[in-house]
Each structure stands twice: as structure tokens, then as C-alpha cells.
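Participant: next one to model:
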Amino acid sequence: MSAQGETLCAPHASDIIAPALSSRHDRVRGYLERLAGSVPQVLLLEGGTPREREAVALWWAARLNCAGTGAPCLSCAVCTQFATRNNRDMFYLDGAQGSIKIDDVRAVRAVLGEPPRGRYRVVVLAEAQSLGIEAANALLKSLEEPRPGTSFVLLAPQRERLLPTLVSRSWVLTLAWPDGGACDPAVQEWADALAGFVSGEEGWFARTGAKGSIDQGTALQLVAFLQRQLALALTGRGASSFARLLVSRLDTAAMRRLDEALAECQDSLIYNVNPALVLDWLATRLFAWARTSRRA
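Facilitator: Residues are numbered from 1 along each chain as shown. Now for the predicted structure:
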């Protein structure tokens with residue numbers, strides 16, 4: 001099929017970028033509007049969900065290249081091409097599909113010396129915490145040299161998951177964190193079950209052992225919810241029942257271990273490890289820490 005045919009058959013740009021248009025991200029879009037007048041070489045988008053981070057990155061790519069009124073118009077061919085990653089000035093390295101390797105970065109570096117074909121070349125590194133050490137170093141070499149007409153966009157759950165040298169070269173914007181209070185009923189049900197397991201109730205393994213008990217999306221939402229609860233507990237704002245449980249059961253050292261465990265769970269889910277196995281791994285560790293912590 002021709003490139004023109006692919007564009008005509010592609011999903012509408014506004015549907016793909018819809019998560020970026022949520023009122024939750026009005027502040028971030030406002031900052032990006034101002035930055036469009038003096039484009040930084042490297043943006044780092046943290047917070048939000050993986051889909052929201054991706055949508056904001058694609059919105060930014062369309063914003064830099066759309067020639068329509070009220071850019072991005074999300075209806076022209078250029079916006080559609082960037083939203084669907086089909087423009088020759090769009091490079092998308094997807095860490096959600098596995099480790100971003102040095103060969104991936106080298107392939108991008110090979111064209112950086114050439115001017116973009118349109119207004120801006122946009123290089124997106126999704127789930128950039130998946131960068132291997134060699135790949136990260138190769139990327140750093142690219143960032144050390146000014147690249148007019150090129151915008152790098154790093155996407156990660158938290159800036160702490162990236163090499164400090166990458167963060168120091170980036171303009172960091174934080175998307176609205178997933179809501180730590182009310183959440184999807186299915187996610188709340190799993191959080192309640194986990195709280196019960198930590199408190200000594202039975203039935204957790206029967207729940208996770210059921211065929212198709214939880215999918216990747218729900219598990220990722222649960223991990224994001226737990227990360228928010230942990231943040232509330234660490235800052236003394238343990239207003240929710242789960243945050244209060246963490247405060248009552250875990251000391252500071254155990255909370256740090258939980259933070260690392262949640263990050264590992266997030267990575268495992270992105271790499272398509274069985275969600276039930278990931279949650280069992282998390283639950284058994286949380287149970288053990290709750291029993292050995294000085295707060296228990």
C-alpha cells in the first residue's frame with residue numbers, strides 16, 4: 001500500500017492523541033505551547049500513564065510540524081502522519097517492546113547530521129528507562145552536540161529511573177499523576193484484596209490463580225495506584241485506607257524497598273510478564289516486609 005493510502009486509512013489523529021487532550025494535562029500543554037517558541041533539544045515527560053506520556057509526545061510532534069491554524073489542528077495530513085508515526089521525521093524507539101539497544105540509537109544518529117525534511121525531526125524514546133547502558137551512552141553523545149531542527153522526547157514513569165546525566169540535559173515536565181484516591185472499581189478491588197492479604201486474610205492466591213484473573217492494563221493501573229499511595233504515606237498524607245495501612249505496617253526502609261519493588265513490577269508488566277505472577281511476587285514481599293518491619 002502506498003504512503004498516501006496508509007495516511008488515508010489511518011486512525012484519526014485526535015483519537016490517538018485524545019489522552020493528551022484531557023483537562024488533567026492542561027498545565028503541561030500550556031508549558032509546551034510556550035516552549036514551542038524556543039524548542040529545547042531534550043524534553044523529559046514523566047508522570048501520567050504510559051499511554052498519556054505517549055499521547056503528549058505525539059501531540060508535541062504534531063504541534064511542532066503542523067502548518068494549520070491552531071496547531072496542532074489534528075486533522076491535516078502532517079498531524080495524522082506524526083500521530084500514527086508514519087512521517088519520515090518521526091523516530092519512535094519503543095522501550096515497552098524490550099530494551100532499547102545501542103543499534104537502535106545508532107540508526108537514529110546516522111540521520112541526525114541531515115536537516116529534517118519538514119520543520120522538526122522528533123525522536124521519541126518511550127519507556128526510556130529501558131535504555132541499555134551502551135545505548136544511553138550513545139544517546140548522550142548525540143545530546144552533547146547541538147542538533148538544530150531536532151527534538152528528543154524521553155518518556156519515563158519518574159525521572160529517577162533514568163541516568164542523572166540524561167535528566168540533567170532535559171527540560172522536565174511532569175504530567176498529572178494517576179489519581180491516588182478514587183480509582184477504577186476493578187483496581188480498587190485488587191487493592192483491597194492486597195490489603196487483606198497483607199493483614200493476614202486468605203484467598204489471594206486463589207484470586208490470582210484463576211485463569212485470566214487480571215490483564216496487563218489493570219495490573220499497570222494497580223501499580224500506579226500503589227505508587228501514589230506510597231507517596232502519600234511517605235509524605236505523611238496517609239488519608240486513604242491503603243496509605244494508612246502502609247504507615248502502620250512499614251518503616252521507612254521497608255517503604256524504600258516497596259518503591260523499588262513497584263518500579264520492578266512496572267518494568268516486568270511492560271515487558272509482558274504474566275500479571276498474576278508479578279502481583280504474587282509483589283504480594284509475598286509486601287507481606288514479609290509487613291511482618292519484619294519495626295512498625296508491625
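
Participant: okay, strands next: where are they in this protein?
Facilitator: Applying DSSP state E to the chain gives strands spanning 42-47, 90-94, 121-126, 150-155, 171-175.

Participant: output the ones you listed in TSV; the columns should cover mean neighbour count, distance to Gly196 and mean pLDDT.
Facilitator: All C-beta spots, glycine's among them, are computed from the backbone N, C-alpha and C. As requested, these are exported to TSV (neighbours: other CB atoms under 10 Å; distance: least, CB to CB, whole Å; pLDDT from 0 to 100):
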stretch	mean neighbour count	distance to Gly196	mean pLDDT
strand 42-47	23	29	92
strand 90-94	19	36	94
strand 121-126	26	35	96
strand 150-155	24	34	96
strand 171-175	17	31	92
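
Participant: closest one to Ala231 among those strands?
Facilitator: strand 42-47 (11.3 Å; CB to CB).

Participant: tell me the angle of the closest one relative to strand 150-155?
Facilitator: Computed with axes from the mean of the first three to the mean of the last three CA atoms, to 10 degrees, the direction of strand 42-47 lies at 20 degrees from that of strand 150-155.

Participant: now Leu35: how far from Trp60?
Facilitator: 9 Å (CB to CB, to the nearest Å).

Participant: in TSV: the strands of the chain, plus distance to Lys141.
Facilitator: Formatted as TSV, the strands of the chain follow (distance: least, CB to CB, whole Å):
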stretch	distance to Lys141
strand 42-47	13
strand 90-94	16
strand 121-126	14
strand 150-155	13
strand 171-175	19
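
Participant: ok, now which ones touch Ala20?
Facilitator: By CB atoms under 8 Å, 6 or more residues apart in numbering, the contact list for Ala20 reads 29, 52, 55-56, 58-59.

Participant: now for the residues you listed, which pair is the farthest apart?
Facilitator: Maximum pairwise distance in those, criterion CB to CB, is 12.5 Å, between Arg29 and Leu58.
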